[in-house]
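Colleague: Provided below are the primary sequence and the corresponding predicted coordinates.
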Amino acid sequence: MLRVLVPALRRPLQTGLRGERARLLQHARPTTEVLPEYSPTGEESVALNTAAFVYIPDESREKIPPLYATEGLPDPMVWVKLVTPDSSWTWYITEFDGDDTCFGYVVGFEAEMGYFLLSDIACARGKLGLPVERDLFFSPRPLSTVRATAH
């Protein structure tokens, strides 16, 4: 079945794309660059492209409780969502030490609460070599809501 699907997928990619996008997809070279035909114009493009790699923005750093602060709460707030765009791993941050260590809900091979380091996440790559990104459209919500919708 794979022999049938792979050539079928390659054909439209080679004929339907031009220039840099076609070259990147054809040679399977991962990139974090926002390609011109899909990006917003001007400085907005640069801001959107780099904002996803600021894992905890300054305005969120002030709001996220320190480690162990939500330990007794039945339904703590999730403040930040980090995702691998080319894999199935997702990190939901509920606590932050202000430096590198976070606590939260991690959906990977299993879904569980645990500690993780932002420095480790910054080094992680998915199947295509893409780095972890912050979900720019995620808004803080209770952990129960995240658990109900996370896969």
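Modeller: Structure received.
Colleague: Kindly provide the distance from Phe96 to Asp120.
Modeller: Computed with C-beta to C-beta, to the nearest Å, the distance linking Phe96 and Asp120 is 14 Å. Quick note: C-beta positions are derived from backbone N, CA and C, even for glycine.
Colleague: Look at those two and report which has more neighbours.
Modeller: When neighbours are counted by other C-beta atoms under 10 Å, Phe96 comes out ahead of the other of Phe96 and Asp120, with 24 against 10.
Colleague: Let me see the confidence value for the more buried one.
Modeller: pLDDT, the model's per-residue confidence, is 97 for Phe96.
Colleague: in the sheet, who's paired with it?
Modeller: Taking DSSP bridges, one obtains Cys102 as the residues bridged to Phe96.
Colleague: and stretch 127-143, which residues are buried?
Modeller: By 16 or more other C-beta atoms under 10 Å, the buried positions in stretch 127-143 come out as 130-134, 143.
Colleague: From the rest of the structure, what touches that stretch?
Modeller: For stretch 127-143, the surrounding residues in contact (C-beta atoms under 8 Å, 6 or more residues apart in numbering) are 28, 30, 32, 48, 51-57, 63, 75-87, 89, 91-92, 94, 105, 121-122, 124-125.
Colleague: Return the alpha-carbon coordinates of that stretch using CSV.
Modeller: As requested, C-alpha coordinates have been extracted for stretch 127-143 and formatted as CSV (Å, rounded to 0.1, in the frame of the first residue of the first chain):
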residue,chain,number,x,y,z
LYS,A,127,10.0,13.6,12.0
LEU,A,128,10.8,16.3,9.5
GLY,A,129,13.2,18.1,11.8
LEU,A,130,10.9,21.0,12.6
PRO,A,131,11.4,22.6,16.0
VAL,A,132,8.7,22.8,18.7
GLU,A,133,6.5,25.9,18.4
ARG,A,134,4.2,27.8,20.8
ASP,A,135,0.5,27.7,19.6
LEU,A,136,0.0,31.4,19.0
PHE,A,137,-3.8,31.0,19.0
PHE,A,138,-4.1,29.1,22.3
SER,A,139,-5.8,31.0,25.1
PRO,A,140,-5.5,30.0,28.8
ARG,A,141,-8.1,27.5,30.0
PRO,A,142,-8.7,25.0,32.8
LEU,A,143,-6.8,21.7,32.6
